[in-house]
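[1] please work out how this folds:
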Amino acid sequence: MGKTLVLSPERVRRTITRLAYEVVERHRGAEELVVVGIRRRGVALAEAVADEIGQIEGRALPVSELDTTPYRDDLSGGEAPEEQSVMRAEIAGRDVLLVDDVLFTGRTARAALDALVQHGRPRTIQLAILVDRGHREYPIRPDYVGRSLQTKPRERVVVDPESDFAVYVDG
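    Numbering: from 1, shown residues only. Here you go, the predicted structure:
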């Protein structure tokens, strides 16, 4: 079985716009909001969400990059690599919007919480996900969901930032 397109780039753009409006509405603006993308594909998505929020609010929102690798509990062997996060805004006392492309087991989101608090103590942390596929191993629940997809555990959900975030199921 090959790749199957489940969300076109146009549909993803509409979804990002909806997510941005939900965030702004829930926060009554974006004054205290800091957007943080989970490194690799979450960063590109965080930038798209932040751009959309910026258009709604009339001001730019910098996007920080959070490296969760040293905080993962499912990596084996050797010494933990040094964290490579790039924080572009102070998070202490602020509302953090943590963004990733796909939520599956919850392991990355759990590691992201551990990594995030190493940079300060936010007032709140909310999780925005483009695709929630279920199959949790941790009690993690996103605050904002673009689309829920029922998948088999062996399948992969791929968000392709090179094609305007088209979403495919592979496997």
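[2] which SSE is Thr17 in?
    Per DSSP states H and E: Thr17 is located in helix 9-27.
[3] phi, psi for Phe165 please.
    Torsion angles at Phe165 (phi, psi; degrees, to the nearest 10) stand at phi 70, psi 30.
[4] next one: it from Arg13, what distance?
    Separation of Phe165 from Arg13 (CB to CB, to the nearest Å): 8 Å. C-beta coordinates here come from the backbone N, C-alpha and C atoms, glycine included.
[5] of the two, who's got more company?
    Applying other CB atoms under 10 Å to Phe165 and Arg13 shows that Phe165 carries more neighbours, namely 23 against 14.
[6] any weak-confidence spans in the chain?
    1, 75-81, 83 (pLDDT under 70).
[7] if you set the cut-off to 50 instead, what comes out?
    Scanning the chain for pLDDT under 50 picks out nothing.
[8] where exactly do the helices run in it?
    Under the criterion DSSP state H, the chain contains helices at 9-27, 41-57, 107-116.
[9] where do the strands sit along the protein?
    With DSSP state E as the definition, the chain shows strands at residue ranges 3-7, 33-38, 63-66, 95-103, 124-132, 144-148, 156-160, 166-170.
[10] would you turn the ones you listed into JSON lines with mean neighbour count?
    Below are the strands of the chain laid out as JSON lines (neighbours: other CB atoms under 10 Å):
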{"stretch": "strand 3-7", "mean neighbour count": "15"}
{"stretch": "strand 33-38", "mean neighbour count": "26"}
{"stretch": "strand 63-66", "mean neighbour count": "24"}
{"stretch": "strand 95-103", "mean neighbour count": "26"}
{"stretch": "strand 124-132", "mean neighbour count": "22"}
{"stretch": "strand 144-148", "mean neighbour count": "18"}
{"stretch": "strand 156-160", "mean neighbour count": "18"}
{"stretch": "strand 166-170", "mean neighbour count": "18"}
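[11] dump the ones you listed into JSON lines; add distance to Gln84 as well.
    Output for those, formatted as JSON lines (distance: least, CB to CB, whole Å):
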{"stretch": "strand 3-7", "distance to Gln84": "29"}
{"stretch": "strand 33-38", "distance to Gln84": "12"}
{"stretch": "strand 63-66", "distance to Gln84": "8"}
{"stretch": "strand 95-103", "distance to Gln84": "17"}
{"stretch": "strand 124-132", "distance to Gln84": "20"}
{"stretch": "strand 144-148", "distance to Gln84": "26"}
{"stretch": "strand 156-160", "distance to Gln84": "21"}
{"stretch": "strand 166-170", "distance to Gln84": "26"}
